[in-house]
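Student: Provided below are the primary sequence and the corresponding predicted coordinates.
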Amino acid sequence: MSIALAYTVTGQASELEQLIHGCIRNERSAQEKLYRLFYPKMMALVRRYIDSDAQAEEVLNNGYLRAFQKIKQYNFQGSFEGWVRKIIFHAVADHVKQNSKYANQIVLVEKDELVHKDHADRLYYDQLVQLVQALPEATRTVFNMYVMEGMTHKEIGALIGISEGTSKWHLSEGRRILREKIERLELHVK
């Protein structure tokens, strides 16, 4: 049972449940409320992969459209937010797959090197986000899927249409670029 549904009054549906039922009935006001309810978290998910405001908004809206089209499939088991998040994530993955310049490229895997902990500990969250956003698109996508979403290289490859080796290379390349940028910031204290 999700937290939102845990507060259901006997005989009455929770506000979230009412919104979901309204969306099932294709009520625009319920769709708008549901959209606004999860917008901040879902946009944060999309922005991890897409740095353009216009593209991020388009991908998010496409994801919500898919969610509204499939909302009858939600069975009120588990987290509704998790269900929406999965659909939005697939919209992001489809966008990345369609716009990837590297979809058919075969590359070798290079050994990862670690960034000194002193460097990373001194970065603020916003600085890290900016550094990740500055990665090349395909590299940023793989990096976020692996690091932020906890996906395997096999899952990433299947989702965005690249080989496991290409996924591993992009992760390694992302780490290399980030390590160099962090070290250039000269944040370590001796």
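Tutor: It's in. Keep in mind that this is a model prediction, so the values were computed, not measured.
Student: Could you pull out the helices in this structure for me?
Tutor: 3-6, 15-24, 28-47, 53-70, 80-99, 117-121, 125-133, 137-147, 153-160, 164-184 (DSSP state H).
Student: mean confidence for the first one?
Tutor: Per-residue confidence for helix 3-6 averages out to 40 on the pLDDT scale.
Student: do the same with stretch 54-70
Tutor: 93.
Student: try stretch 163-171
Tutor: 91.
Student: ok now that stretch, how far from the chain's centre?
Tutor: 18 Å (Cα atoms, centre = their mean, to the nearest Å).
Student: Buried residues of that stretch, list them for me.
Tutor: Buried residues in stretch 163-171, defined by neighbour count with 16 or more other Cβ atoms under 10 Å: 163, 166, 167, 168, 169, 170, 171. Glycine gets a C-beta too; all of them are placed from N, C-alpha and C.
Student: pLDDT below threshold where in the chain?
Tutor: 1-13, 100-126, 185-190 (pLDDT under 70).
Student: returning to what we had before: kindly indicate which of the buried residues of stretch 163-171 lies nearest residue 87.
Tutor: residue 167 (22.3 Å; Cβ to Cβ).
Student: For that closest one, list the residues it contacts.
Tutor: Listed by Cβ atoms under 8 Å, 6 or more residues apart in numbering, the contact partners of residue 167 are 142, 146, 153, 156, 157.
Student: which residue is nearest the centroid of this protein?
Tutor: residue 45 (3.8 Å; Cα atoms, centre = their mean).
Student: any idea how far that residue lies from residue 87?
Tutor: 11 Å (Cβ to Cβ, to the nearest Å).
Student: and what of residue 42?
Tutor: For residue 42 relative to residue 87 (Cβ to Cβ), the value is 9 Å.
Student: Neighbour count: the two, which is higher?
Tutor: Neighbours were counted for residue 42 and for residue 87 using other Cβ atoms under 10 Å; residue 42 has more, 24 against 21.
Student: How about the contacts made by that one?
Tutor: Residue 42 neighbours (Cβ under 8 Å, 6+ apart): 60, 63, 64, 84, 85, 88.
Student: what's the answer for residue 181, then?
Tutor: So residue 181 contacts 131, 134 (Cβ under 8 Å, 6+ apart).
Student: Distance of it relative to residue 133?
Tutor: In terms of Cβ to Cβ, residue 181 sits 12 Å off from residue 133.
Student: Can you give me every residue that contacts residue 156?
Tutor: Counted by Cβ under 8 Å, 6+ apart, residue 156 has contacts 142, 145, 146, 162, 167.
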